[in-house]
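1. Pasting the sequence and the predicted model now:
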Amino acid sequence: MSEFNTDLPSIRKVQRYTKDKNAVEIKLLTNDVLAGTILWQDPNCLCLQDQNQQQILIWRHAIAFIRPK
């Protein structure tokens, strides 16, 4: 398992989105776009909650980008 380095700017940015409950769009490498709020992150995955309160587990290696909505 890889170490979760919270000193990395990308990790801190996602932590800020999570803490502030900012709405985000996550584009996947498959070109699918998911929208919602990030509930948590770990070294491998993010959990996104969509507008229907569905929780979606997203593997980090599948993400093209994350941006505020």
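-> Structure received.
2. by contact count, what packs against the one helix or strand T37 maps to?
-> Taking DSSP states H and E as the criterion, T37 maps to strand 33-41. For strand 33-41, the elements it packs on are helix 9-20, strand 23-28, strand 45-49, strand 55-59, judged by 3 or more Cβ pairs under 8 Å, 6 or more residues apart in numbering; DSSP states H and E. Yep, even glycine has a C-beta here, placed from its N, CA and C like the rest.
3. let's see 7 Å
-> Applying 3 or more Cβ pairs under 7 Å, 6 or more residues apart in numbering; DSSP states H and E, one finds that strand 33-41 contacts helix 9-20, strand 23-28, strand 45-49.
4. Which residue is the nearest non-sequential neighbour of the residue most central in space within the chain?
-> Closest to where the C-alpha atoms of the chain average out (Cα atoms, centre = their mean) is L46, at 4.6 Å. Spatial nearest neighbour of L46, excluding adjacent residues (Cβ to Cβ, 6 or more residues apart in numbering): I58 at 4.8 Å.
5. so how many other residues sit close to that neighbour?
-> 18 (other Cβ atoms under 10 Å).
6. Next, the contact list for it, please.
-> Taking Cβ atoms under 7 Å, 6 or more residues apart in numbering, we find I58 in contact with I26, C45, L46, L48.
7. Can you list the buried residues in the worst-scoring helix or strand of the chain on mean pLDDT?
-> The weakest-scoring helix or strand in the chain, judged by mean pLDDT, DSSP states H and E, is helix 9-20 (a mean of 95). Going by neighbour count (16 or more other Cβ atoms under 10 Å), the buried part of helix 9-20 is V14, Y17, T18.
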